[in-house]
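below are the sequence and a predicted model; questions follow.
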Amino acid sequence: MFLLYSLVFIISCFVLYFSGNWLIDGLKRIGRFLHWREFIIAFFVMAFAGSLPNLFVGISSAIHKVPQLSFGDIVGGNLIDLTLAVALAVLIGKNAIPTKGKILERSALFTTFVAILPLLLIWDGVLGRGDGLILLFVFVFYILWLVLNKERFREFSGDEEKQIPSILKEFRIFIKDLGLIILSFILLLLAAEGIVQSAKFFAVSLNISLPIIGILIVALGNTLPEIRFAVASAKAGKTEMILGNLMGAVIIPATLVLGTVALICPIIVPNFTPFAIARIFLIISAIAFYIFTRRRRKITKKEAIILLLLYVSFVIIEILIK
């Protein structure tokens, strides 16, 4: 059984790698066809798809009356997105991530707020149905803010691509890329599921508690598509796609997913010890992420190293107190 899960884990990692590359190419061409900003493409397409594993884990855990697993998954996932994913994108991509522009600046502020909001709502030990409605309202508010101003969807880059003379040919390429993206989504979801299931098996074999499984293992498995996408985008120089994906990967699970889970089954945390360290580090990481996006209008290698050290410190401390 151990060998089987090890094989599943390795295969899933390879599938993530190749499907991530296909997704980058498909999104890039669709962005040109629709003339949308890459930030919006990444947020609505990749972030929603990347949040589906969180949603599946959340609904399943709520149905089985263990929604604490979902809460741990999302808290841990948001921490990873704001630290490890950003850091790897900068360090492996070997370029700073620029954060200029009103949409990026305001989204960074909103991302920081949303990352902390569930921690404030569950301060009394319960994330009830009323709290779930608040989270869903925040999600709808942000989506409306994005879509109401059409200019936010326009690609402001001065990069001019060669025009395809035939509209029909353009549409055929669009459909082909759409199919490629859908296939990539399916592969990403299957790979993420394989990684999560194998990681859960390893965690149970080592007798790790349910909240720790959610925070450290399920969260890492569910954020691997975002990490892979961020690194691939950094290498391709698509920096708006990095931030659009990662901000969406924080906002969607923390609002839509947690709100849905809380409506199905209120999240009660009788023992907050496993979440206490995660809560502290998530608040620090969210604030650091916002400061880094505003201070120099870019996230540099020095700041990426700080974010990476934050995540490593979190993992070490969380394991020590388990």
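Structure received.

and the spatially most central residue of the chain, how far from I268?
Residue closest to the mean C-alpha point of the chain, counted by C-alpha atoms, centre = their mean, is A249 at 2.7 Å. According to C-beta to C-beta, to the nearest Å, A249 and I268 sit 26 Å apart. C-beta coordinates here come from the backbone N, C-alpha and C atoms, glycine included.

circling back: what helix or strand does the residue nearest to the centre of the chain sit in?
helix 239-252 (DSSP states H and E).

what element comes up after that helix heading to the C-terminus?
helix 258-264.

what packs against that next one?
helix 48-63, helix 68-80, helix 129-148 (3 or more C-beta pairs under 8 Å, 6 or more residues apart in numbering; DSSP states H and E).

surely I283 is in contact with L117?
No: counting by C-beta atoms under 8 Å, I283 stays clear of L117, with 11.0 Å between them.

thinking A230 is in contact with V90, fair?
No: counting by C-beta under 8 Å, A230 does not reach V90; the two are 9.2 Å apart.

who's more crowded, the two?
Ranked by neighbour count (other C-beta atoms under 10 Å), A230 and V90 place A230 first, with 33 against 27.

residue contacts, the more buried one?
85-86, 88-89, 242, 245-246 (C-beta atoms under 8 Å, 6 or more residues apart in numbering).

which of the helices and strands packed on helix 258-264 is buried the deepest?
helix 68-80 (a mean of 28; mean count of other C-beta atoms under 10 Å).

what's the angle from it to helix 239-252?
Helix 68-80 and helix 239-252 meet at an angle of 150 degrees, taking axes from the mean of the first three to the mean of the last three C-alpha atoms, to 10 degrees as the criterion.

and the next helix or strand after helix 68-80, what other elements does it pack with?
Sequence-wise, the next helix or strand downstream of helix 68-80 (DSSP H and E) is helix 86-93. On a contact count with 3+ C-beta pairs under 8 Å, 6+ apart, helix 86-93 meets strand 97-98, helix 219-235, helix 239-252, helix 301-320.

what are the buried residues along the helix or strand containing K200?
Assigned by DSSP H and E, K200 belongs to helix 167-205. Neighbour counts over helix 167-205 (16 or more other C-beta atoms under 10 Å) mark 173-174, 177, 180-181, 184-185, 187-203 as buried.

dump the helix holding A249 to CSV, restricted to CA.
Presented in CSV, the C-alpha positions along helix 239-252 are these (Å, rounded to 0.1, in the frame of the first residue of the first chain):
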residue,chain,number,x,y,z
THR,A,239,3.7,38.4,-13.9
GLU,A,240,0.1,39.6,-13.9
MET,A,241,-1.0,36.0,-14.2
ILE,A,242,1.1,35.1,-11.1
LEU,A,243,-0.7,37.7,-8.9
GLY,A,244,-4.1,37.1,-10.4
ASN,A,245,-3.8,33.4,-9.8
LEU,A,246,-2.5,33.7,-6.3
MET,A,247,-4.8,36.4,-5.1
GLY,A,248,-7.7,34.5,-6.5
ALA,A,249,-6.4,31.3,-4.9
VAL,A,250,-6.6,33.2,-1.5
ILE,A,251,-9.9,35.0,-2.0
ILE,A,252,-12.0,32.2,-3.5
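
what mean pLDDT would you report for that helix?
Here helix 239-252 scores 79 as its mean pLDDT.

the contacts of A230: which two are farthest apart?
L88 and N245 (12.9 Å; C-beta to C-beta).

tell me which of the two has more neighbours.
Each of L88 and N245 has its neighbours counted (other C-beta under 10 Å); N245 has more, 31 against 19.

wait, the more buried one touches F229, no?
Yes: counting by C-beta under 8 Å, N245 does reach F229; the two are 5.4 Å apart.

and A108, how close does it get to F292?
For A108, the distance to F292 - C-beta to C-beta - is 9 Å.

so which of these two has more stuff around it?
Taking neighbours as other C-beta under 10 Å, A108 and F292 compare with F292 leading, 23 against 20.

find the helix or strand that that one is a member of.
helix 273-295.

what lies in contact with the next helix or strand after that helix?
Per DSSP H and E, the first helix or strand lying C-terminal to helix 273-295 is strand 298-299. Contact with strand 298-299 is made by 86, 90, 96-100, 292-293, as judged by C-beta under 8 Å, 6+ apart.

note down every partner strand of strand 298-299 and its orientation.
According to DSSP bridges, strand 298-299 forms sheet pairs with strand 97-98 (antiparallel).

could you tell me which of the contacts of strand 298-299 count as buried?
Using 16+ other C-beta under 10 Å, the buried members of the contacts of strand 298-299 are 86, 90, 96-97, 99, 292-293.
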